[in-house]
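In: Turn this into a model:
(chains A and B)
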Number of protein chains: 2
Amino acid sequence: MIARAMQELVQNSSAIRAMFEEGRRMAAEYGAENVYDFSLGNPNVPAPAGVGAQIRNLTETVPPLKLHGYMPNAGFEEVRERIADSLNKRFFTSFGSYNILMTVGAAGGLNVALKTLLDPGDEVLVFAPFFGEYRSYVANHQGVLRVVPPEPEHFLLNLEAAERLVSRQTKAVILNNPNNPTGVVYPEDQIRQLSELLCRMEKKYGTSIYLISDEPYRELVYDGKKVPFLTKYYHNTIVGYSFSKSLSLPGERIGYLVMPDELDDARQIQAAAAVANRVLGFVNAPSLMQLAVAGCLEAKVDLDFYDRNRKSLCEGLDRYGYSYVKPEGAFYLWLKSPLEDERDFVAEAKKEHLLLVPGRSFEGPGYVRIAYCVSPETIERSMPAFGRLAERTVRRSWEK
Amino acid sequence: MIARAMQELVQNSSAIRAMFEEGRRMAAEYGAENVYDFSLGNPNVPAPAGVGAQIRNLTETVPPLKLHGYMPNAGFEEVRERIADSLNKRFFTSFGSYNILMTVGAAGGLNVALKTLLDPGDEVLVFAPFFGEYRSYVANHQGVLRVVPPEPEHFLLNLEAAERLVSRQTKAVILNNPNNPTGVVYPEDQIRQLSELLCRMEKKYGTSIYLISDEPYRELVYDGKKVPFLTKYYHNTIVGYSFSKSLSLPGERIGYLVMPDELDDARQIQAAAAVANRVLGFVNAPSLMQLAVAGCLEAKVDLDFYDRNRKSLCEGLDRYGYSYVKPEGAFYLWLKSPLEDERDFVAEAKKEHLLLVPGRSFEGPGYVRIAYCVSPETIERSMPAFGRLAERTVRRSWEK
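Out: Numbers count the residues shown, from 1 in each chain, chains lettered A, B, ... in the order given. Below is the predicted model of the structure:
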């Protein structure tokens, strides 16, 4: 008998797997080039060439006992220092190595932060729609998730609703900027308002409310858009970062947490996070990859690739009269379902060999997520299918 | 405020860190060559040269999107298949890829297994003395740890005591073979007895009791000793393995779980473990390292190095009249403290610049752990210190 808490997760996972298998079956039946899979948030721009060169160089110059060996649970001192320096240069912060903890991806980092902070029953706010894994991460540490309903127009932060959900039990707020699944970048004025709200609530309840900013898509923004660096806006901010998207290393599980000195109980949190990294079984971020990313902090995947996809997808959808939230970051487009129940729309889309994810997977019903981290050809070739789908659904919704 | 559960862990961690800092201070004051640090279980034999060559080759031949990309949460299919094949060849098993889950080290694997199995309040048996992290791993998943007291003569499995502790609530038993901290290899007849005991208890209570065999030291055995492969002795066995010691890759966090078809609810457990890998934030074992170890399954660090250390350490200790458990595996020696409270002995040892770990860190008071994964020179040069320490402690205990 597996754990009860795992049973539902396994079921959900089986459903996703079934969808994936169905996609494979369709690819086999109709030819892979005739199935348009927009369901996976899987980077498809290769890592910059510098990464491979860096790895080869490390195996030739660093003694294996160091390269593959244990280091402090927080990570190699020099790696943390280089990351602190790089952040300082970009964001005019003044971090030292002790503000940085190397983690097993952003997922590892978030779990470390939550383990560090949560007592059983502590509440964690998330803004819908949100990356579904947050639900599991909070449950791992016996927290209670409080979901702020979406702001239904532009999918910005619904701060009024958030204010009603903050309580004395609120220990943390998770923010994902740029957002998965919407592709929205929360603007500076909303960040300021959120900061004011949290400060007010901290004062009201005499508590500390930690803002955990999950930023794997930080570098993936378009049209010169800026993502505010949250430690500068709110004192109790912990930033979680991953190199999965910026360097296309999702399989390597390498990222970091930033824990500024401005945090309430900063020293204790920094120490506890290193211990949490150990006791959760991560122990430390993979050693070779720590050193590899430290040598590639200025590198970035070819962002134009995603940007071109974004533009051609938007142009196509505009042509057919679809409504959607203008994507500003990440590689997701949040499409309004022309049918009331977006699962019906996803089913109709599948008939056109278009694979999309229903918004309710992210607690955003009525919308679907299109992941445009695909080949430009996939987008181009999928357009007639989107056209036919519009004929049957957009038109239908107009006629009502 | 950090989580209450973290506060004690941070304190313990600070104590260990203080010890470590003290060692560094001593090294600075007396010269590193005059401080004999036997406190860390940190491999000091470099990874086989094949590992570096393999990594370089992978960066040159595997496209980065695959090499560093996402794969199923359970790991690359071909990696899991190669590991299954290698186990089948060595142990006459018949595993397929679906029996193997790639994990972030053995620590990650253990957490995945416990997350998969434990409902809150489920009990987990461990045999003292044991690797202290098990306590945290069980607590992570709200299990209750039941500690089987040591068998005080040879530190074999105390099966009588175990029988008294098994109950209807017992969901799992963790076994560490070869054992850290004792260096003992549990022999086949004890494994058979343990299996019989667990089968009897499963029948008595109508439950499934899973034996989680934590085997990072499997390849580190001496004198031709054999470590029984537990899936062949007990149907409900899950094996956790790590390449940290066999390939000296402790910083890379790469290992696997074996989940045989003989497990009760095998299919469900295999599926749930992959989901647990994801939701715990590991997501998957580091991708490049998965492929690297798959190409080095026949390689092994220079075991003779540890064996020579073992022999010269034993010879020295014999000379001075110390009592200890004959080390058969891993790179630890379990020394009987000549003083009643082993912390006093550790303090005396420090005066001779010998850094040892008190047995109570492993719930084995009255003993100390000597980690002999050090340079042969450290052992040689430390012998006079052990001699002087014996003068002051072994003699003293004889005179009583």
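
In: ok, stretch A:239-257 near chain B or not?
Out: Yes - between stretch A:239-257 and chain B, judged by CB under 8 Å from any CB of the partner chain, the touching residues are A:248, A:249, A:250, A:251, A:252, A:253, A:254. In this view, the C-beta of every residue, glycine as well, is placed from N, C-alpha and C.

In: Also stretch A:196-209?
Out: Yes - counting by CB under 8 Å from any CB, chain B is contacted by stretch A:196-209 at residue A:208.

In: how far out from the middle of the chain is that stretch?
Out: Using CA atoms, centre = their mean, to the nearest Å, the mean C-alpha position of stretch A:196-209 is found 26 Å from that of the whole chain.

In: Tell me how far the nearest residue to residue A:320 once chain neighbours are set aside lies from chain B.
Out: Setting aside the residues directly before and after it, residue A:320 is nearest to residue A:390 in space (CB to CB, 6 or more residues apart in numbering or on different chains), at 3.7 Å. Between residue A:390 and chain B the distance is 31 Å, computed by CB to the nearest CB, to the nearest Å.

In: now residue A:370
Out: In this view, residue A:370 and chain B are 19 Å apart by CB to the nearest CB.

In: Hmm, that residue is touching residue A:356, no?
Out: Yes - with contact taken as CB atoms under 8 Å, residue A:370 and residue A:356 are classed as touching, separated by 5.9 Å.

In: what residues does the stretch 151-300 of chain A put near chain B?
Out: A:208, A:248-254, A:264-265, A:268-269, A:271-272, A:274-276, A:278-289.

In: Show the contacting residues for residue A:58.
Out: A:67, A:288, A:291, A:292, A:295 (CB atoms under 8 Å, 6 or more residues apart in numbering or on different chains).

In: whoops, residue A:389 was the one
Out: When the contact criterion is CB under 8 Å, 6+ apart, the partners of residue A:389 are A:320, A:348, A:349, A:352, A:354.

In: again, but for residue A:221
Out: Residue A:221 sits next to A:178, A:185, A:227, A:328, A:329 when contact means CB under 8 Å, 6+ apart.

In: Quick check, residue A:314 in contact with residue A:333.
Out: Yes - in this structure, residue A:314 is within contact of residue A:333 by CB under 8 Å, at 7.4 Å.

In: Do you have the helices of the stretch 251-400 of chain A handy? List them.
Out: If DSSP state H, counting those that start in this stretch is used as the criterion, the helices of the stretch 251-400 of chain A fall at A:266-279, A:287-294, A:303-319, A:342-351, A:376-399.

In: List just the one of those that sits closest to residue A:73.
Out: Closest of these to residue A:73 is helix A:266-279, at 4.5 Å (criterion: CB to CB).

In: now for the closest one, which elements pack on it?
Out: With contacts defined as 3 or more CB pairs under 8 Å, 6 or more residues apart in numbering or on different chains; DSSP states H and E, the secondary structure elements packing on helix A:266-279 are strand A:100-103, helix A:105-117, helix B:4-30, helix B:133-140.

In: Apply 10 Å and report the result again.
Out: In this structure, helix A:266-279 makes packing contacts with strand A:100-103, helix A:105-117, strand A:255-258, helix B:4-30, helix B:105-117, helix B:133-140, judged by 3 or more CB pairs under 10 Å, 6 or more residues apart in numbering or on different chains; DSSP states H and E.

In: Quick one: closest of the ones you listed to residue A:37.
Out: Ranking the helices and strands packed on helix A:266-279 by their distance to residue A:37 (criterion: CB to CB) puts helix A:105-117 first, at 22.6 Å.

In: Please name the residues that touch the residue nearest to residue A:320.
Out: A:316, A:317, A:319, A:320, A:321, A:322, A:338, A:352, A:396, A:397 (CB atoms under 10 Å, 6 or more residues apart in numbering or on different chains).
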